[in-house]
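Asker: Need a 3D model of the sequence below.
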Amino acid sequence: MKRFIPFIQSDPVVAVIRLSGVIASGGRGALNDQILGPVIEKAFKRGKPKAVALVINSPGGSPVQSSLIGARIRRLAEEKDIPVVAFVEDVAASGGYWLASAADEIFADESSIVGSIGVISMGFGFDGLINRHGVERRVYTAGKSKSMLDPFQPEKPADIKRLKSMLEQIHENFKTHVSTRRAGKLPDDKDLFTGEIWVGKSAQDVGLIDGIGHLVPLMKQRYGDKVRFARYGVKRSFLQRFGARAVTDTLDGIEERAHFARFGL
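Answerer: Here you go, the predicted structure:
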């Protein structure tokens, strides 16, 4: 109440944005710029926060959505002149680390998994299966690359070469982002961009995080015991809260667990 009384200083506020889940353009609980945009904007603009804290628990996902979210965070941080601090929970890997490196500082738990600065493309090949069952695949295209990486046809060396070239381009973008955001903090004699992961203190030793620390005690240490936390997140619709999308949610949940399982979680 005292923040409305003239001449009485309000308690400092830290805006907290929770970024938990797989980064994708769609899906249950997915992190993407369309959904998170209004949340991030509100966190930076409401109540004149002393800092914005990102609480991250993500195994990664779409490089484009990671870039869009990270770019929005940086734009608002610079426009409002507000420091951004990231706190890693279980994992900030791949696109999750892209989000973390949008912050000015990164802290993690001693057991947090950090890194996986690489790009991956996964899929299945069914050409042997349909051949064994006498199924004939019929595809007609205008443009020789239109059926690239068709899972029902044998892999073509030209398609693999083209895909790897695309992955390398995205990987270079990822490396540039991390190198820019962590400038002066990364060692010159160690390649951190191989897709390797680090845990807790070892991530600090190679400069991927700034220290071991948790949200509340660190923010109290910086802004005093009376600091208030304004938490922002995506609100689920009425139908999502009461299970009206059970089938879709189950499928999306399986996919999300598969992403986390890559890191033993």
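Asker: could you point out the longest strand in this protein?
Answerer: strand 84-93 (DSSP state E).
Asker: and it, how far out from the chain's middle?
Answerer: 9 Å (CA atoms, centre = their mean, to the nearest Å).
Asker: gap between the residue of the chain positioned farthest from its centre and residue 153?
Answerer: No residue in the chain sits farther from the centre than residue 134, which is 43.0 Å out by CA atoms, centre = their mean. Separation of residue 134 from residue 153 (CB to CB, to the nearest Å) stands at 16 Å. Where C-beta positions appear, they are placed from N, C-alpha and C, glycine not excepted.
Asker: Have a look at the chain and report the helix or strand with the lowest mean pLDDT.
Answerer: Least confident helix or strand, the chain: helix 238-241 with a mean of 46, by mean pLDDT, DSSP states H and E.
Asker: returning to that earlier point: what packs against the longest strand of the chain?
Answerer: Using 3 or more CB pairs under 8 Å, 6 or more residues apart in numbering; DSSP states H and E, the elements in contact with strand 84-93 are strand 51-58, helix 95-100, strand 105-108, strand 113-115, helix 215-223.
Asker: any chance of these in TSV, with mean pLDDT too?
Answerer: Listed next are the helices and strands packed on strand 84-93 as TSV, based on pLDDT from 0 to 100:
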stretch	mean pLDDT
strand 51-58	97
helix 95-100	96
strand 105-108	98
strand 113-115	95
helix 215-223	97
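Asker: Need the residue closest to the centroid of the chain.
Answerer: residue 96 (2.9 Å).
Asker: Could you report the neighbour count for the residue nearest to it when sequence neighbours are not counted?
Answerer: The shortest distance from residue 96 to any non-neighbouring residue, by CB to CB, 6 or more residues apart in numbering, is to residue 58 (3.3 Å). By other CB atoms under 10 Å, the residues close to residue 58 number 28.
Asker: can you tell me which residues contact residue 58?
Answerer: 19-23, 31, 91-93, 95-96, 99 (CB atoms under 8 Å, 6 or more residues apart in numbering).
Asker: gap between it and residue 141?
Answerer: Counting by CB to CB, the gap from residue 58 to residue 141 is 36 Å.
Asker: Where does the prediction get shaky in this structure?
Answerer: Across the chain, residues meeting the criterion (pLDDT under 70) sit at 1-9, 27-28, 236-265.
Asker: hey, which helix is longest across the protein?
Answerer: helix 157-181 (DSSP state H).
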